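Student: with the input below, show me the fold.
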Amino acid sequence: MAPWTNWAGTEAADPRHVVTPTTTEQVVQEVERAIAQRTTVKMAGTGHSFTGISAPVDTMLRPDRLAGIVSVDRDAMTVTALAGTPLHVLNAQLGRLGLSLHNMGDIEEQTLAGATSTGTHGTGGTVASLSAQIAAFSMVTGRGEEVHASPSSHPTLFEAGRIGLGALGVLTEITLHVEPLFALQAHERPMSWDTALSTYDEMTREHHHVDVYWFPHTDRVMTKVNDRLAELDDLRPLSRWRHWLDDELLSNTVFGMITSLGTRAPATIPRLNQVSGRALSERSYSDIAHRVFTSPRRVRFKEMEYALPREAGLEALREVRRVIDASSWRIGFPVEIRSTPADDIALSTSSGRASMYLAFHVPVRADHTDYFAGVEDVLRAFDGRPHWGKMHTLAADDLAKLYPRYDEFLTLRDELDPDRVFTNPYLRRVLGD
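Tutor: Down below sits the predicted model:
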């Protein structure tokens, strides 16, 4: 049996059993077996987390056959899908139904369960994370019981379980709030560092979604603003040629070659970043929402991301740049900057506060240790909360200070998984035993 590894190769496991369930009853059977044998169960997803949050120890459940939309309620404007549905499948099926998600992140390879359990988010909007768009969900708990949670049924579980880290149960179905199919107008353009930071607040006030990329060792910044269109008529998507040139050749193939060169010869990275920053040109296009939100990511990398209080975000970014400029690090990937509204989910990185997210990347074969550690020190000084699915060094004692409802989550975990059927080394680190 081949070992399990995640997408970035940062985590690996060698589960004793691999099961591909087709029904909730089969999930219940595997959980009951684990309880009886005092072992563990983990639904592994597609491995797009950079942490070991989904790493299986004893039994790995594969999500492949728990996929697809199972019901649509057009009066309530909700859609229920099996939890193993990949986001790209969900988006395609929603599109055929004339429906859209309000917001999403920039990749669509994760499963619905994995993306919501780790707090995957986009930028802007009235809600940013997929978890905050959940209307209800069903899971199999560590007692082997199937539970349906919503604001009116098991509300305590609903409030906390929308970002459950895989620690409360195995998600089987998720009901999402949806909207009529809509389109976005995207405008991408380069800016200087000073212009981008001085106008960032203005951009986030005036546009629905704002994403900013800074190229370290340069003053070059790329901004992307997306705005909702009132009509679906007269869309102007990228031509196949422009999509291939910009998003496949330049952003993936050529960028992959540049990062590979930088990994082998770090001294070239500042100059390469100058070239990369200047190679990106202004462009505008419009398309169905999920085609604008998401982009192909074929260059593999490692990532750390922290959510900071929104009002402190730009100050933290400036401090990060000061630390990078004063160091000997050579950083070949852009730093990504996004902002989100507050939400009400217990372990959401935006729980109770509007946030700015700063994301840091290195090529998958590069050593991230000093860079991530040095930046993490800065972010922790600003009360940053690490993304659950991305690399960080915090443990339970650290995280308890960052989340006012942390103990509430632990109490719920004790109730739903008293035997720790769903634990693994990562969960023991961030939640304790």
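Student: C-alpha only now, for contacts and for neighbours.
Tutor: OK.
Student: which of the three states applies to residue 329?
Tutor: In three-state terms, and counting by DSSP: H, G, I helix; E, B strand; the rest coil, residue 329 is coil.
Student: for it, give me its contacts.
Tutor: 370, 371 (CA atoms under 8 Å, 6 or more residues apart in numbering).
Student: hmm, 10 Å instead?
Tutor: Going by CA atoms under 10 Å, 6 or more residues apart in numbering, residue 329 touches 216, 217, 266, 267, 269, 323, 368, 370, 371, 374.
Student: nearest to residue 232, of those?
Tutor: Of all the contacts of residue 329, residue 232 sits closest to residue 216, with 37.9 Å by CA to CA.
Student: and the closest one, how far from residue 390?
Tutor: Distance, residue 216 to residue 390, using CA to CA, to the nearest Å: 20 Å.
Student: swap in residue 35?
Tutor: According to CA to CA, residue 35 stands 29 Å off from residue 390.
Student: ok, now residue 316?
Tutor: Distance of residue 316 to residue 390, given as CA to CA: 19 Å.
Student: do the same with residue 43
Tutor: Distance of residue 43 to residue 390, given as CA to CA: 18 Å.
Student: of those two, which one has the most company?
Tutor: Using other CA atoms under 10 Å, the more surrounded residue of residue 43 and residue 390 is residue 43, with 25 against 20.
Student: OK, contacts around the more buried one?
Tutor: Contacts of residue 43 by CA under 10 Å, 6+ apart are 18-20, 27, 54-56, 59-63, 84, 113-114, 166, 169-171, 422.
Student: swap in 8 Å and give it another go.
Tutor: 54, 56, 60, 61, 62, 63, 166, 170.
Student: give the bridge partners for it, please.
Tutor: As for beta bridges, residue 43 partners with residue 61 under DSSP bridges.
Student: so that it lines up with my notes, have the first residue be 429 from now on.
Tutor: I'll keep to 429 as the first residue from here, and by that count the last item is residue 471.
Student: and it, what pLDDT?
Tutor: With respect to pLDDT, residue 471 has a value of 95.
Student: ok, now how distant is the residue positioned nearest the centre of the chain from residue 795?
Tutor: Nearest residue to the geometric centre of the chain (CA atoms, centre = their mean): residue 548, 2.9 Å. Distance, residue 548 to residue 795, by CA to CA: 25 Å.
Student: may I have the predicted confidence score for residue 430?
Tutor: Predicted confidence (pLDDT) for residue 430: 67.
Student: which one is residue 717 nearest to, not counting chain neighbours?
Tutor: Nearest non-adjacent residue to residue 717, counting by CA to CA, 6 or more residues apart in numbering: residue 611, 4.7 Å away.
Student: ok so, going back, and which of the contacts of residue 471 is nearest residue 831?
Tutor: Nearest to residue 831 among the contacts of residue 471 is residue 594, at 17.8 Å by CA to CA.
Student: which one is that closest one nearest to, not counting chain neighbours?
Tutor: In space, residue 594 is closest to residue 545, 6.2 Å off (CA to CA, 6+ apart).
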